[in-house]
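J.: The following block contains a protein sequence and its predicted model.
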Amino acid sequence: MRSFAQKALAVAAAVSAVASLTACGGSSAATDSGGKKITIGIKFDQPGLGFKQGSSYTGFDVDVARYVAKDLGYSDSQIVWKEAPSKQREALLQNGDVDMVVATYTMNKPRSKVIDFAGPYFVAAQDILVRSDEKDITGPKTLNGKKLCSVTGSNSAERVKEEYSNKVQLMEQSGYAECVTALISGTVDAVTTDDIILAGLAAAKGNGQLKVLGTPFSEEPYGIGVKKGRTALVKKINKAIEEMIADGSWKKAVNAATKGTGYTPNSEYNPPTKIGDKSWIQDL
Ligand code: GLU
């Protein structure tokens, strides 16, 4: 027979298990411990950042996600990776289909209204990718009358339209890899998004036929998206990012991700400081 105290303890343990489950999973994709899983949204088609090849996932976003997940108590085998295309990121979080999004996700005001961000864990900048023999396009102001490709749901297309060139012919695709294919075939004249994404794609798919202009024209602080209101989780993630920078893992991951691409992170912003500070949140 168990004593009253033992029974009370068992009840307390059961209650706290439920409480921690609610705190951690809620209606989201996380499940009970034992079979405990964390579902993370990443890109599947951005070499060096979030890339799926068979059953292996590689890239800087993947390394950051693994590090953070480990800090939160999840081993590699407890991570469920889910594709998070630019356009679907907010909805995936809002619907509880993923617990976090680590997918070249710029911390900005429109998104912050519907989801919360931890971070940043990296700061990129918008740039332009063209064919190596391109002469006319030299920066964002030279895009008038040109055919430009970007991705639906990204802030990259928006910025060009709003701030630089209202005469640009914009073609929107669901991913940047499709844009690169269109650039190589001559369907478009340029592709625009963050420099680190363009560098990875040019190295992996360009075969020497493409060049990144190297004329950065924005600040793109990459955040980790979570469901709105998960303040405790945001704090834990911010701490994990700080740790990743402090123990050298961040630098190792950046080096591995950019090796052979010719890309060097802007050292004014990287590694980021003031992690968790609202001032990182961009207007667009
Ligand atoms: N960082 C930009 C954004 O979040 C462009 C990259 C992307 O589409 O993932 O919109």
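T.: On my side now, so go ahead. Numbers count the residues shown, from 1 in each chain.
J.: Check the burial of whichever residue of the stretch 151-284 of the chain sits closest to the ligand by counting its neighbours.
T.: Among the residues of the stretch 151-284 of the chain, Ser154 lies nearest to the ligand; the distance is 3.2 Å by Cβ to the nearest ligand atom. Just so you know, the C-beta spots here come from the backbone N, C-alpha and C atoms, and that holds for glycine as well. The local packing of Ser154 (other Cβ atoms under 10 Å) involves 24 other residues.
J.: what's the answer for the one 10 residues further on, then?
T.: Each residue near Tyr164 was counted by other Cβ under 10 Å, and the total is 17.
J.: Numbering from 48 from now on, please.
T.: Okay, using 48 as the starting number, the last item reads as Tyr211.
J.: isn't it right up against Lys188?
T.: Yes. With the criterion set as Cβ atoms under 8 Å, Tyr211 and Lys188 qualify as a contacting pair; they are 5.8 Å apart.
J.: Just list the residues touching the residue of the stretch 198-331 of the chain closest to the ligand, thanks.
T.: Ser201 makes contact with Ser133, Thr240, according to Cβ atoms under 8 Å, 6 or more residues apart in numbering.
J.: let's go with 10 Å and repeat that
T.: With contacts defined as Cβ atoms under 10 Å, 6 or more residues apart in numbering, Ser201 is in contact with 132-134, 136, 151-153, 173, 219, 222-223, 239-241, 244.
J.: Could you name every residue contacting both of Tyr211 and Lys188?
T.: Any residue near both Tyr211 and Lys188 by Cβ under 10 Å, 6+ apart counts here, and that gives Phe264.
J.: Now, the contacts of Ser201 that are in helices?
T.: Cross-referencing the contacts of Ser201 with the helices (criterion: DSSP state H) gives Arg136, Tyr223, Ile244 as the overlap.
J.: Just give me the neighbour total for the last one.
T.: When neighbours are defined as other Cβ under 10 Å, Ile244 has 29 of them.
J.: and this protein, which residues reach the ligand?
T.: Near the ligand, the residues belonging to the chain are 133, 150-153, 198, 201-203, 240-241, 244, 267 when assessed by Cβ under 6 Å from any ligand atom.
J.: sorry, back to before: and the ones in helices among the contacts of Ser201 as JSON lines, adding pLDDT?
T.: As requested, the ones in helices among the contacts of Ser201 are arranged in JSON lines below (pLDDT from 0 to 100):
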{"residue": "Arg136", "pLDDT": "98"}
{"residue": "Tyr223", "pLDDT": "97"}
{"residue": "Ile244", "pLDDT": "98"}
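J.: Adding distance to Asn313, write the residues you listed out as CSV.
T.: Output for these, formatted as CSV (distance: Cβ to Cβ, whole Å):
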residue, distance to Asn313
Arg136, 24
Tyr223, 20
Ile244, 14
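J.: how about the strands of the stretch 198-331 of the chain, start to end?
T.: In order along the chain, the stretch 198-331 of the chain carries the following strands (DSSP state E, counting those that start in this stretch): 216-220, 237-241, 257-259, 267-274.
J.: quick one, what contacts Lys283?
T.: Shown in contact with Lys283 (Cβ under 10 Å, 6+ apart): Val115, Asp118, Leu119, Gly120, Ala165, Val273, Arg277.
J.: Quick check: which helices or strands does the lengthiest strand in the chain pack against?
T.: Ranked by residue count, the top strand of the chain under DSSP state E comes out as strand 162-171. With contacts defined as 3 or more Cβ pairs under 10 Å, 6 or more residues apart in numbering; DSSP states H and E, strand 162-171 has these neighbours: helix 107-118, helix 136-141, strand 147-148, strand 237-241, helix 242-252, strand 267-274, helix 278-293, helix 296-305.
J.: what is the orientation angle of the last one with helix 278-293?
T.: By that I understand helix 296-305. Note on geometry: by axes from the mean of the first three to the mean of the last three Cα atoms, to 10 degrees, helix 296-305 and helix 278-293 are set 80 degrees apart in direction.
J.: what's the answer for the first one, then?
T.: An angle of 110 degrees separates the directions of helix 107-118 and helix 278-293 when computed by the same axes, to 10 degrees.
J.: Just the buried positions in helix 107-118, please.
T.: Applying a neighbour-count criterion of 16 or more other Cβ atoms under 10 Å, the buried positions in helix 107-118 are Phe107, Asp108, Val109, Asp110, Val111, Ala112, Arg113, Tyr114, Val115, Ala116.
J.: before we move on, what about the longest one?
T.: Applying a neighbour-count criterion of 16+ other Cβ under 10 Å, the buried positions in helix 278-293 are Leu280, Val281, Lys283, Ile284, Asn285, Ala287, Ile288, Glu289, Met291, Ile292.
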